[in-house]
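Trainee: I would like to see how this sequence folds:
(one chain, ligands or ions: 1)
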Amino acid sequence: MRPIIVNKTQKGDTEYVHVSGPLNEDATVVLTPHKTTLGKKVVFNLRDIDYINSSGVRVWVLFLRDIRKDREIFYEECSPAIVGQLNIVSSMIEHVQVLSVQIPLQCPACRTERLDLAHAGAFPLANAQLKAEVCPRCGEKMEPAEPLDEYFEFAAIRI
Ligand SMILES: [Zn+2]
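Mentor: Numbers count the residues shown, from 1 in each chain. Purely as a prediction, here's the structure:
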């Protein structure tokens, strides 16, 4: 299986860390060297985590426990795979601010899928608040692939 890839970019006092690939038991080897080198303010971009299993959750929670002391941690553009875990594993977001998440949309007519982005100010977002997106293939109004009150459960608990 391909490993996760970590790319770091420094902008001002903030370190942007783009993590992509599958988050599973193999991620420990990739993540561990970053524990000591991360800056004080870290934004993890999680849009390209396309898969996460229970071992991956455990690896991430342990990683987070080690790095969050004396650091500000943020997540941005959380993928649907990540959001699914945020909703059931509260330690995934302990002492973390979620800046934005991807919302999976689906066309009711032709099943075309696409991702929308919601920013923290709008959490938790209800179906009625979602701005109308038109299917790029057939022009039908797109709908959330799953009910948004369930998708944003992690935000509702924290407010
Ligand atoms: Zn369509």
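Trainee: quick one: mean pLDDT over the longest helix along the chain.
Mentor: Residue-count comparison of every helix in the chain, with assignments taken from DSSP state H, identifies helix 54-67 as the longest. For helix 54-67, the mean pLDDT works out to 96.
Trainee: in it, what counts as buried?
Mentor: Using 16 or more other Cβ atoms under 10 Å as the test for burial, helix 54-67 gives 56-61, 63-64, 67. Every C-beta, even on glycine, is put in place using the N, C-alpha and C of the backbone.
Trainee: how about TSV for these, with distance to Leu99 added?
Mentor: Converted to TSV, those look like this (distance: Cβ to Cβ, whole Å):
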residue	distance to Leu99
Gly56	21
Val57	20
Arg58	24
Val59	22
Trp60	17
Val61	19
Phe63	19
Leu64	16
Ile67	17
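Trainee: any stretches of the chain with poor pLDDT?
Mentor: Low-confidence segments of the chain, defined by pLDDT under 70, span residues 1, 128, 157-159.
Trainee: confirm that Gly121 sits in a helix.
Mentor: Yes - residue assignment for Gly121, taken from DSSP: H, G, I helix; E, B strand; the rest coil, places it within a helix.
Trainee: tell me how many other residues crowd it.
Mentor: Number of residues near Gly121 (other Cβ atoms under 10 Å) recorded here: 8.
Trainee: same deal with Val29?
Mentor: With neighbours defined by other Cβ under 10 Å, the count for Val29 comes to 11.
Trainee: and which of the buried residues of helix 54-67 is nearest Lys8?
Mentor: Sorting the buried residues of helix 54-67 by distance to Lys8 puts Ile67 at the head of the list, at 12.9 Å, by Cβ to Cβ.
Trainee: need the residues of this protein near the ion, please.
Mentor: Taking Cβ under 5 Å from the ion as the criterion, the chain approaches the ion at residues 107, 109-110, 112, 135, 137-138, 140.
Trainee: chain center to the helix or strand harbouring Thr9: distance?
Mentor: With secondary structure defined by DSSP states H and E, Thr9 is part of strand 5-11. Averaging C-alpha positions (Cα atoms, centre = their mean, to the nearest Å) puts strand 5-11 16 Å from its chain's average.
Trainee: picking that back up, the longest helix of the chain packs against which elements?
Mentor: Helix 54-67 sits against strand 14-23, helix 27-31, with contacts defined as 3 or more Cβ pairs under 8 Å, 6 or more residues apart in numbering; DSSP states H and E.
Trainee: lovely, talk soon.
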